[in-house]
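>>> pasted the sequence and its predicted model underneath.
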Amino acid sequence: MSNNNSAIVSKVWSFCNTLRDDGVGYGDYLEQLTYLLFLKMADEYTRPPYNRQMPIPQEYNWQSLVDLKGAELEAHYTILLRELGKEKGILGQIFTKSQNKIQDPAKLSKIISMIDNENWLLMGVKDKGDIYEGLLEKNAEDTKSGAGQYFTPRPLIKAMVECVNPQPMRTIADPACGTGGFFLAAYDYLVDQHDLDKEERAFLKYNTFFGNEIVASTRRLALMNLFLHNIGDIDSDNFISPADALIAPSGMLHDYVLANPPFGKKSSQTFTNAEGEQEKEDLTYNRQDFWATTSNKQLNFVQHIRSMLKTTGQAAVVLPDNVLFEGGAGETVRKKLLETTEVHTILRLPTGIFYAQGVKANVVFFDNKPSSRDPWTKEIWVYDYRTNIHHTLKKNPLKLEDLRDFITLYNPQNRHKRTETYNADSNPEGRWRKFSYEEILARDKTSLDITWLKDKSLADLDNLPNPDELAEDIIENLEAGLESFRTILAALEK
């Protein structure tokens, strides 16, 4: 991010500290910024040199806010949010269920003035996008809000996209798209790697990306994020559905699926009981196209993602460890996945890279295939970037360069030409190793949770991590344990 963009992010974000005294959290502030920023850019489009007709009623446009102060501004803003939520297209979707969370008219007026002072359309697409991405990351860092679960580390996303190597004029889907990080990285990759013609550029802008996001506030941020990155338009059709992706098969098949389904093993729905209290119950999806019926959300996403792919489709999915080793439905899903698709690569991820604490995850790469009597998976290549690797969110965050060795060994241009770095005799610390289908089947529960490297911190006291890294690990494990206890307690209370 350029220094100027960083300065704008800091300026816009610093005002949030003032609002926190009024009980306005980071997420609520970012939502209000989204509404106002959208209206300001729509207003800029109506002026030279664009002179476009915008679908925003004149009485609810940007100028209608700029000219008001005090209680009159607060009242008008509240009505504006409600009325724009009734509009069609992306406009209506961004303002769906919108509410004014800034009750002090003077502070609302200051935010409007701050946004009005910038000409957002004069900034390049990358600048606008970088600024908004910077705000999203700031929001994700507020771990108490839980926003981090919707924000996948951008270096990891870029590495996944680079490995999948998407091509123009093909569709890309994410059934749990959060704030749209995979779409943005794929968009940038396609623009950087290809000299797109007019038809390819139009397809990229309007017909490439398809997602689902059931959390209204997160979906709103995703739509704005894509819009600022030149994906879609103010009056174009909506391409992020609010529907639960797991309920039914996808209406269309896709060339690529890039995803990091939400953390947490259970799918649940909230309902009101006879006493008027809110309760949650586990959701089990009864779908004929699923191999196993389970309330495990992660396993359901694996099955759903496979069902979304064309027979030539490719997937790269972030999955927690339990999906790789769990018995019962987990074993059934793994075996079927190995048989019906070509599961060819697993990247074991280090801890300390996600905003949600205590997550142990992997990226599983697989290609869909047509029906066959014989299993499609012949061998699986595993890259262990977890053992003896220590990352923290602030002092040692994950960078794209950290994954460069994996990307090179993955060999996106021809993944069928690969060379192991592991050798039992000459290089027992090699991180890149292949396992045959037969070796995988022979493992307990067909486990894909594979490691062969020695953990040096356990074997050699001289190689212990730094005290702050150890402290981070301890905090991470404690918070993960507490979360498990909360889940158990909730179940007992129910």
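Cool, the structure landed.
>>> where does the stretch 101-250 of the chain dip in pLDDT?
Where the stretch 101-250 of the chain drops to pLDDT under 70, the residues are 125, 142-150.
>>> show me where it has strands.
172-174, 209-212, 240-241 (DSSP state E, counting those that start in this stretch).
>>> okay, those strands, which one's buried deepest?
Each of the strands of the stretch 101-250 of the chain was scored by mean neighbour count; the highest is strand 172-174, a mean of 26, by mean count of other Cβ atoms under 10 Å. Just so you know, the C-beta spots here come from the backbone N, C-alpha and C atoms, and that holds for glycine as well.
>>> name the residues that touch it?
166, 180, 182-183, 186, 208-212, 250, 254-259, 308 (Cβ atoms under 8 Å, 6 or more residues apart in numbering).
>>> each with direction, which strands does that strand pair with?
Strand 172-174 sits in its sheet next to strand 209-212 (parallel), strand 254-259 (parallel), going by DSSP bridges.
>>> keeping just the C-alphas, turn the shortest one into CSV.
Presented in CSV, the C-alpha positions along strand 209-212 are these (Å, rounded to 0.1, in the frame of the first residue of the first chain):
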residue,chain,number,x,y,z
PHE,A,209,-17.4,-14.2,-9.9
PHE,A,210,-20.2,-15.9,-8.0
GLY,A,211,-20.5,-16.1,-4.2
ASN,A,212,-22.6,-16.7,-1.2
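>>> ok but residue 489 is inside a strand, no?
No. Per DSSP: H, G, I helix; E, B strand; the rest coil, residue 489 lies outside any strand segment and is helix.
>>> show the pLDDT at it.
Listed pLDDT for residue 489 reads 78.
>>> buried ones in stretch 113-128?
Neighbour counts using 16 or more other Cβ atoms under 10 Å place 115, 118, 120, 123, 126-128 of stretch 113-128 among the buried residues.
>>> before we move on, what SS does the residue nearest to residue 260 when sequence neighbours are not counted have?
Nearest non-adjacent residue to residue 260, counting by Cβ to Cβ, 6 or more residues apart in numbering: residue 318, 3.8 Å away. Recorded secondary structure, residue 318: strand (three-state DSSP).
>>> hmm, residue 318 is touching residue 156, no?
Yes. Counting by Cβ atoms under 8 Å, residue 318 touches residue 156, with 7.5 Å between them.
>>> intersection of neighbour lists for those two?
Common contact partners of residue 318 and residue 156 (Cβ under 8 Å, 6+ apart): 349, 363.
>>> returning to what we had before: to residue 428, which of the strands of the stretch 101-250 of the chain lies closest?
Residue 428 lies closest, by Cβ to Cβ, to one member of those: strand 172-174, at 37.9 Å.
>>> what distance separates that closest one from the centre of its chain?
11 Å (Cα atoms, centre = their mean, to the nearest Å).
>>> check stretch 331-351 too.
The chain centre lies 20 Å from the centre of stretch 331-351; the measure is Cα atoms, centre = their mean.
>>> same check on stretch 237-252?
16 Å.
>>> in it, what counts as buried?
238-241, 245-246, 250.
>>> please name the nearest non-neighbouring residue to residue 88.
Nearest one to residue 88, counting by Cβ to Cβ, 6+ apart, is residue 55 at 7.4 Å.
>>> what's the spacing between the one you found and residue 109?
Residue 55 is 26 Å from residue 109, where distance means Cβ to Cβ, to the nearest Å.
>>> so which of those two has more stuff around it?
residue 109 (19 against 14; other Cβ atoms under 10 Å).
>>> isn't that one up against residue 67?
No. In this structure, residue 109 is not within contact of residue 67 by Cβ under 8 Å, at 10.8 Å.
>>> could you list the domains of this structure?
The chain breaks down by automatic domain parsing into domains covering 3-133, 146-479.
>>> to residue 493, which of those lies closest?
Of all the domains of the chain, domain 146-479 comes closest under Cβ to Cβ, at 9.1 Å.
>>> could you count how many residues lie near residue 370?
Neighbours of residue 370 under the rule other Cβ under 10 Å: 8.
>>> give the contact list for it.
Neighbouring residues of residue 370 by Cβ under 8 Å, 6+ apart: residue 311.
>>> what's around residue 56, how many residues?
If we define neighbours as other Cβ under 10 Å, then residue 56 has 24 of them.
>>> helix, strand or coil for it?
Three-state call for residue 56 (three-state DSSP): coil.
>>> coming back round to it: among the domains of the chain, show the one with the smallest mean pLDDT.
Note on the domains of the chain: domain 3-133 shows the lowest mean pLDDT, a mean of 85.
>>> hang on, residue 323 in a strand?
No. Membership of residue 323 in a strand is not supported by three-state DSSP, which gives helix.
>>> from residue 116, how far off is the residue sitting furthest away from the middle of the chain?
Going by Cα atoms, centre = their mean, the residue of the chain most distant from its centre is residue 425, 40.4 Å out. Residue 425 is 68 Å from residue 116, where distance means Cβ to Cβ.
>>> tell me the buried residues in stretch 44-62?
Those would be 44, 46, 54, 56, 60-62, for stretch 44-62 by 16+ other Cβ under 10 Å.
>>> contact partners of that stretch?
Against stretch 44-62 from outside (Cβ under 8 Å, 6+ apart): 39-40, 42-43, 64, 79-80, 83-84, 87-89, 91, 116, 119-121, 234-235.
>>> and with 6 Å instead?
39-40, 42-43, 80, 83-84, 91, 121, 235 (Cβ atoms under 6 Å, 6 or more residues apart in numbering).
>>> those strands in the stretch 301-450 of the chain, which residues are they?
Assigned by DSSP E, counting those that start in this stretch, the stretch 301-450 of the chain shows strands spanning 309-320, 341-348, 361-368, 379-384, 432-436.
>>> turn the ones you listed into a markdown table, columns for distance to residue 100.
Output for the strands of the stretch 301-450 of the chain, formatted as a markdown table (distance: least, Cβ to Cβ, whole Å):
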| stretch | distance to residue 100 |
| --- | --- |
| strand 309-320 | 35 |
| strand 341-348 | 44 |
| strand 361-368 | 37 |
| strand 379-384 | 48 |
| strand 432-436 | 53 |
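>>> out of the ones you listed, nearest to residue 448?
Of all these, strand 341-348 comes closest under Cβ to Cβ, at 6.2 Å.
>>> so what strands line up beside the closest one?
Using DSSP bridges, the strands paired with strand 341-348 are strand 361-368 (antiparallel), strand 379-384 (parallel).
>>> what angle do strand 432-436 and that strand make with each other?
On the basis of axes from the mean of the first three to the mean of the last three Cα atoms, to 10 degrees, strand 341-348 is oriented at 150 degrees to strand 432-436.
>>> what does strand 341-348 rub up against?
For strand 341-348, the surrounding residues in contact (Cβ under 6 Å, 6+ apart) are 337, 362-369, 376-377, 380-386.
>>> for stretch 187-200, same thing?
In contact with stretch 187-200 (Cβ under 6 Å, 6+ apart) are residues 161, 168-169, 204, 231.
>>> if we use 8 Å, what do you get?
Residues contacting stretch 187-200 (Cβ under 8 Å, 6+ apart): 158, 161-162, 166-169, 204, 208-209, 229-231.
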